[in-house]
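Q: Quick one: sequence and predicted model below, then my questions.
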Amino acid sequence: MMIAFCNLKSQYDKYKFEIDDKIQNLLNNTNYIGGQEVKELENNLANYVNVKYAYACSNGTSALFLALKALGIKEGDEIITTPFTFIASSEMIALIGAKPVFVDISDIDYNLDINEIESKITSKTKAILAVSIFGQMPNLIKLKEICKKYNIYLIEDAAQSFGAKDDFNNVSCSIADISTTSFFPSKPLGCYGDGGAIFTNDENLANTINLLINHGSKERYLHEIIGLNARLDTIQAGILNVKFKYFDKEIEQRNKIAKIYTDNLNNCIVPKVKDGYKSVWAQYSIRVENRQEVIKKLQKNNIPTAIHYPTPLHLQPCFRYLGYNEKDFPIAKVVSDEILSLPFSAFLNYEDQSKIIEIFNKGE
């Protein structure tokens, strides 16, 4: 029997009564868009992160677009970001008409290499978009200092890191001018479809985001600005409100399971968490030079894997116009060539994890 890569079924079974009851009540009330459930989620999010404003939206990608739009990013602007992540961040930069300017990553945590950033700042640079990869924040305090020095914005793409902390106990989504996250089902806090959120302490940005999410409107049929439909539906908000009660316990369990992997896996580079930082372990991703052989061995034993991410963004066909080549960003390239994600969730049981470790460590 195949081991689940991300065991969403066990999580649902654990909270089934509460989730089913929540959904049934919403169906009975025919309350599908907006309402108290969304407001409750936004309050939960803002209080958890300790920011003034949190807005739920349709997904993590739309959250990024809304953040860029609210900051006034436009055609011809440059945004410094990472080539090692899912395409959504750079995709939204390009979609809004700006230029992604890539910087290589750190070989410690795979986040932006802060030492490489200042050399890429020009008169066209309007923001740094830092992706908190695999559940761990970069040094956002240092990034904020750089942004202040050059009078540019800091955006945190926290699609994989909601709930993470730095060495000063700051929570992901609390430091940048605007932060975004995703509630895709497999995220540490996930709904049963698409969902996302945007965070800020800036009242003007918050007011703009609130308008953008709902067709530029606060009052029905009165549209102050051009916006879009980026609302989170009420059922997804209800599911997230149920899961929120158990989120911190799940983070602790994710850390315990990650430690078992780290303490027992051989013949690979295990992920590192910086001193004082707390990861939420969106994935457990190792590095191996013989990746295809390892994948084949695990597949033979009904153990699934995933590659996050096989091709760095600067080598994606859609970004060919930027003029990068394979010699650019060597750390991102080698990590993309070697990265391999193993089955992982707060509900990975001891027997399955032991089997994964045993098969992984076993030679052919």
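A: Sure, I can see it.
Q: Count residues in the vicinity of K327, would you?
A: K327 is flanked by 7 other residues according to other Cβ atoms under 10 Å. Backbone N, C-alpha and C define where each C-beta goes, glycine included.
Q: Is it within a helix or a strand, and which one?
A: Per DSSP states H and E: K327 is located in neither a helix nor a strand.
Q: Could I get the buried residue list for stretch 296-306?
A: For stretch 296-306, the neighbour count (16 or more other Cβ atoms under 10 Å) marks K297, L298, I303, P304, T305, A306 as buried.
Q: distance between it and the chain's centre?
A: Chain-centre distance of stretch 296-306: 25 Å, with Cα atoms, centre = their mean, to the nearest Å.
Q: First-to-last residue distance for it?
A: End-to-end span of stretch 296-306 (Cα to Cα, to the nearest Å): 12 Å.
Q: pLDDT on that stretch, on average?
A: The average pLDDT for stretch 296-306 rounds to 97.
Q: what does that stretch contact?
A: Contact with stretch 296-306 is made by 1-5, 283, 294-295, 340-343, 355-356, 359-360, 362, 364, as judged by Cβ atoms under 8 Å, 6 or more residues apart in numbering.
Q: Buried among those? Make that a PyMOL selection.
A: To isolate the buried ones among the contacts of stretch 296-306 in PyMOL, judged by 16+ other Cβ under 10 Å, type:
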select buried, resi 3+4+5+283+294+295+340+341+342+343+355+356+360
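Q: Pretty sure Y192 sits in a strand.
A: No. Under DSSP: H, G, I helix; E, B strand; the rest coil, Y192 sits outside any strand and is assigned coil.
Q: Quick check: of the buried residues of stretch 296-306, which lies closest to E219?
A: Among the buried residues of stretch 296-306, A306 lies closest to E219 (Cβ to Cβ), at 45.0 Å.
Q: For S172, see how far away I213 is.
A: Separation of I213 from S172 (Cβ to Cβ, to the nearest Å): 21 Å.
Q: Of those two, give the one with the bigger neighbour count.
A: Each of I213 and S172 has its neighbours counted (other Cβ under 10 Å); S172 has more, 27 against 23.
Q: just checking, that one touches S132?
A: Yes. Assessed by Cβ atoms under 8 Å, S172 is found in contact with S132 at 5.7 Å.
Q: so what sits against both of those two?
A: Overlap of the contact sets of S172 and S132 (by Cβ under 8 Å, 6+ apart) consists of E156, A158, S161, A164.
Q: want to throw the residues you listed into JSON lines with distance to S89, secondary structure and pLDDT?
A: Listed next are the shared contacts of S172 and S132 as JSON lines, based on distance: Cβ to Cβ, whole Å; DSSP: H, G, I helix; E, B strand; the rest coil; pLDDT from 0 to 100:
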{"residue": "E156", "distance to S89": "10", "secondary structure": "strand", "pLDDT": "99"}
{"residue": "A158", "distance to S89": "11", "secondary structure": "coil", "pLDDT": "98"}
{"residue": "S161", "distance to S89": "13", "secondary structure": "coil", "pLDDT": "98"}
{"residue": "A164", "distance to S89": "17", "secondary structure": "coil", "pLDDT": "98"}
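Q: Now tabulate the residues you listed in TSV and tack on distance to A176 and neighbour count.
A: Output for the shared contacts of S172 and S132, formatted as TSV (distance: Cβ to Cβ, whole Å; neighbours: other Cβ atoms under 10 Å):
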residue	distance to A176	neighbour count
E156	4	28
A158	9	32
S161	12	30
A164	13	25
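Q: I'd like these as JSON lines, with distance to Q136 appended.
A: Shown next, in JSON lines, are the shared contacts of S172 and S132 (distance: Cβ to Cβ, whole Å):
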{"residue": "E156", "distance to Q136": "12"}
{"residue": "A158", "distance to Q136": "11"}
{"residue": "S161", "distance to Q136": "7"}
{"residue": "A164", "distance to Q136": "6"}
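Q: Which two among those residues are spaced furthest apart?
A: E156 and A164 (10.3 Å).
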